[in-house]
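>>> Please find the sequence and the predicted model below.
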Amino acid sequence: MSIGMGIPLIAVGVSAGKFMPKPGVWMTMISAIFGVMMLAVAIWMLGRVVDASIIMILYAILGLGFAIYLGALESGGHIFKKTLSTILFIYALALFVGGLAGSHSFTQPLGFLQTTTTVTNSLVQTQDAKFIKVTSIAELDEVLEKTKGKKIMLDFYADWCVSCKELEEVTFAHPDVKQALNSFVLVKADVTQNSQANKKLSQKYGVFGPPVLLFFKENGELQTSKTLVGFIEPDEFLKHLDTL
């Protein structure tokens, strides 16, 4: 797994030298872009061991630095470059504030600024979806045995997984999704620690990394063709549930 995670960093490093233009203004810019890419990949790799809010702050600092380098705080300049740097600066600033506030959402970093009522409702909705937590094959087998005759959704999750947080905050918190999931037994396979028990559980179901959603029929049969990998919007998720 460590070799696979290092491939993007190696690819960026090798291609940076291969496709480097001849000396000039563009060489400086391309060098900066490749430098930012390498730092971004490094931050991404840290995501497995560092809290998502810290990762947001690191990305924000990188984005702010690059935006300033592009001229976000300077007057005049090329309109396209100025527009791009300004947009990047604003988004990076939003990420920074969101990260400091403990947000995990890259799509809604300032979601915590919503009205108290909206936030409260969202928290209640999230809490309504009750998940049974397991961390090993033995724990999962016990749950499967006790819930025979019911449909099951197994959610592979980790605290360091940004997309997992997004699934919780956006998709699972959606009122229609919550209602649709009432007909399922909800099980969360927590692989945060990446322990031997976690690894064996992931290997049994062919999971390389969260989030992954698996669905079991009432008779306990795994519907392999219905597996979902990565984040999915509420509307698309509801359509998927209709096919089960």
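Everything's here; your move.
>>> Low-confidence stretches in this structure?
1-26, 48, 112-129 (pLDDT under 70).
>>> So which residue is dead centre in it?
Ser163 (2.0 Å; CA atoms, centre = their mean).
>>> what's the distance between Leu34 and Tyr69?
You called it Leu, but residue 34 is Phe. Distance, Phe34 to Tyr69, by CB to CB, to the nearest Å: 13 Å. Backbone N, C-alpha and C define where each C-beta goes, glycine included.
>>> Which one's more surrounded, the two?
Phe34 (17 against 13; other CB atoms under 10 Å).
>>> Next up, identify which helix or strand that one is on.
Here Phe34 sits within helix 25-46, counting by DSSP states H and E.
>>> distance of Leu154 from Ser53?
26 Å.
>>> More neighbours: which of those two?
Leu154 (27 against 18).
>>> Can I take it that that one is in a strand?
Yes: Leu154 forms part of a strand when assessed by DSSP: H, G, I helix; E, B strand; the rest coil.
>>> Quick one: residues contacting it.
Residues in contact with Leu154 (CB atoms under 8 Å, 6 or more residues apart in numbering) are 140, 187-189, 205, 213-216.
>>> mind redoing it with 6 Å?
187, 189, 214 (CB atoms under 6 Å, 6 or more residues apart in numbering).
>>> Which strand residues bridge it?
Beta-bridge partners for Leu154, by DSSP bridges, are Val187, Leu214.
>>> Distance of it relative to Thr147?
For Leu154, the distance to Thr147 - CB to CB - is 11 Å.
>>> Val185 touches Thr147, doesn't it?
Yes: taking contacts as CB atoms under 6 Å, Val185 lies within contact range of Thr147: 4.5 Å.
>>> Overlap of the contact sets of those two?
With CB under 6 Å, 6+ apart as the test, Val185 and Thr147 reach no residue in common.
>>> burial measure for the residue lying closest to Phe131 once chain neighbours are set aside, as a count.
In space, and not counting its chain neighbours, Phe131 is closest to Lys188: 4.0 Å by CB to CB, 6 or more residues apart in numbering. Under the neighbour criterion other CB under 10 Å, Lys188 is assigned a count of 20.
>>> ok, Lys188 - contacts?
Here Lys188 is in contact with 131, 133, 155, 157 (criterion: CB under 6 Å, 6+ apart).
>>> packing partners for the helix holding Phe34?
helix 2-18, helix 52-70 (3 or more CB pairs under 6 Å, 6 or more residues apart in numbering; DSSP states H and E).
>>> So what touches the last one?
Right, the one you point to is helix 52-70. 36, 39, 43, 47, 81, 85, 88-89, 92, 95-96, 99, 102, 104, 162, 165.
>>> Need the buried ones from those selected in PyMOL.
Here is the PyMOL command that selects the buried residues among the contacts of helix 52-70 (16 or more other CB atoms under 10 Å):
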select buried, resi 39+43+47+85+88+89+92+95+96+99+104+162+165
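>>> Keep only those of the contacts of helix 52-70 that are in helices.
Secondary structure of these is defined by DSSP state H; positions in helices are 36, 39, 43, 81, 85, 88-89, 92, 95-96, 99, 162, 165.
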